[in-house]
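A.B. asks: Here's a sequence, model it:
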Amino acid sequence: MDETVSKTIMCSVLFLDIVEYSKRSVTGQISLKDRFNNHLSAAIRDVPLTDRIILDTGDGAAVNFLGDVEDALRVAISLRKSFLNEAPDADPPLLVRVGINLGPVRLVMDINGQPNVVGDGVNVAQRIMGFAEPNQILLSRSYYEAVSRLSPQYAGMFHYEGSRTDKHVREHEIYAIGQQGMGDKPAPETTGGQGAGQDGIEVARNTLQVASNQQRALYVAVFAAALALLAVVIVKTMYRPAVPLPQVAEAPKHTAQTASNVAVAPPKIVESKAENKQKAEQPPEEARLPARQEKIAVPISRSRTLKETTAIEPGAAALVSVAVMPWGEIYLDGRMQGVSPPLAELHVAPGKHEIEIRNTTFPVYTKKINVSAGEKIKIKHKFTD
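C.D. replies: Down below sits the predicted model:
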């Protein structure tokens, strides 16, 4: 011991606090402290004197273990078991909070010339103890990292409690002995230096079983989510809106109606018997003249008046051939003429015009033309990604 005095070392610190000790009467405090000291003496009797330093804190104790890192855990579990095995009618009841930490401490001599321990290792152990419930053992992350690597049984004994903040705004990650919600149930007992005992193995088995059940529930939830996503995709695929090609048959009707309301009135088709006889004597090409006049009345320029429109002769119109892939709505000077295919050509009046080809999936294609009477032009466009 003398060789280590005034040196900074790493050690395990077991900090114990008697619950509501200060609220008891002097007689009650004496009874609690006597019973506490008896349990503590029995728990540490196997730890060599050179490997431990005990500090009396009045309402508890801080035991510093300078040797085996497992000593703090074995003593804590043994103490809690003995506290819980006290007579149920003991008055006042002995309830103790326990905190364990692994950290740096400084070995110094106190005012009486006896070995003493100070440092962050003791302070953190006290903070960890302050987060514990009565008869609960809490561990700091540093101690958990050290002891949980010693054996698989030890690793299965602990449960992560989360992060806590002390009064100095310092974060501590906390681990408890036993499963979550264990409360003040007895903890598994460890024996000797051979690792955890049979109770520790049982706790490890139960912990693994809980983890397996949680993992199974997670798999079921993921599988259910995947099925739901697949169902949504199938439904969207079945009810996806069709490409607006089926509306091709109705487009010319709408165009003809719009053109008749805005441009010109169609030529009269009610004829007398004399006119029918005269028409029958004319060549076949002239007999089809009314139908051709009806076609060129639709795509007139918006700037022409009604009088100018009716004066346009069929032979004076220009022919615009249209070829669109895969399909497109044809607009002449802002007015829809139809859908290509099947629309293949337009008869337009001489002059400047603007032709737009629209597809709901692609940008609009615009073509400006300046045609003369009888001129034939061809416009081809292919919508691609």
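
A.B. asks: Provide the partner residues of Asp56 in its beta bridges.
C.D. replies: When assigned by DSSP bridges, Asp56 has beta-bridge partners Ala61.

A.B. asks: Confirm Val124 sits in a helix?
C.D. replies: Yes - under DSSP: H, G, I helix; E, B strand; the rest coil, Val124 falls within a helix.

A.B. asks: Leaving out sequence neighbours, find the closest residue to it.
C.D. replies: Leaving out its chain neighbours, the residue that sits closest to Val124 by Cβ to Cβ, 6 or more residues apart in numbering is Asn101, at 4.5 Å. Any C-beta I mention is one placed from the backbone N, CA and C, and that applies to glycine too.

A.B. asks: so which strand or helix has that neighbour?
C.D. replies: Asn101 is part of strand 96-109 when elements are defined by DSSP states H and E.

A.B. asks: Give me the residues contacting the following helix or strand past that strand.
C.D. replies: For strand 96-109, the following helix or strand on the C-terminal side (DSSP H and E) is strand 115-118. Strand 115-118 has contacts (Cβ atoms under 8 Å, 6 or more residues apart in numbering) with 1, 5, 11, 13, 53, 55, 62, 64, 105-110.

A.B. asks: Just the buried ones among those residues, please.
C.D. replies: Among these, those buried by neighbour count (16 or more other Cβ atoms under 10 Å) are 11, 13, 53, 55, 62, 64, 105-107.

A.B. asks: between the residues you listed, which is closest to Lys378?
C.D. replies: When these are compared for distance to Lys378 (Cβ to Cβ), Val13 wins out at 93.7 Å.

A.B. asks: any idea whether the closest one is helix, strand or coil?
C.D. replies: Under three-state DSSP, Val13 comes out as strand.

A.B. asks: pLDDT score for it?
C.D. replies: Note for Val13: predicted pLDDT of 95.

A.B. asks: Can you give me every residue that contacts it?
C.D. replies: Here Val13 is in contact with 62-65, 72, 100-103, 105, 117, 121-122, 124-125 (Cβ under 8 Å, 6+ apart).

A.B. asks: returning to that earlier point: can you give the strand pairings for the strand holding Asn101, parallel or anti for each?
C.D. replies: Strand 96-109 has its sheet partners listed here by DSSP bridges as strand 8-18 (antiparallel), strand 115-118 (antiparallel), strand 137-140 (parallel).

A.B. asks: Put the alpha carbons of it into CSV.
C.D. replies: Extracted C-alpha coordinates of strand 96-109, given in CSV (Å, rounded to 0.1, in the frame of the first residue of the first chain):
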residue,chain,number,x,y,z
VAL,A,96,-29.6,1.2,-0.1
ARG,A,97,-28.7,2.7,-3.5
VAL,A,98,-25.6,1.5,-5.2
GLY,A,99,-23.4,3.0,-7.9
ILE,A,100,-20.2,1.5,-9.5
ASN,A,101,-17.6,3.4,-11.5
LEU,A,102,-14.2,2.7,-13.0
GLY,A,103,-12.1,5.8,-13.1
PRO,A,104,-8.9,7.6,-12.0
VAL,A,105,-8.2,8.3,-8.3
ARG,A,106,-5.4,9.7,-6.3
LEU,A,107,-4.0,7.9,-3.3
VAL,A,108,-3.1,10.4,-0.5
MET,A,109,-2.7,10.4,3.2
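
A.B. asks: can you offset everything so residue one is 24?
C.D. replies: With 24 as the first residue, the last one maps to strand 119-132.

A.B. asks: pLDDT on it, on average?
C.D. replies: 92.

A.B. asks: ok, back up a step: now the residue nearest to Val147: how far from Glu184?
C.D. replies: When distance is defined by Cβ to Cβ, to the nearest Å, Asn124 is 14 Å away from Glu184.
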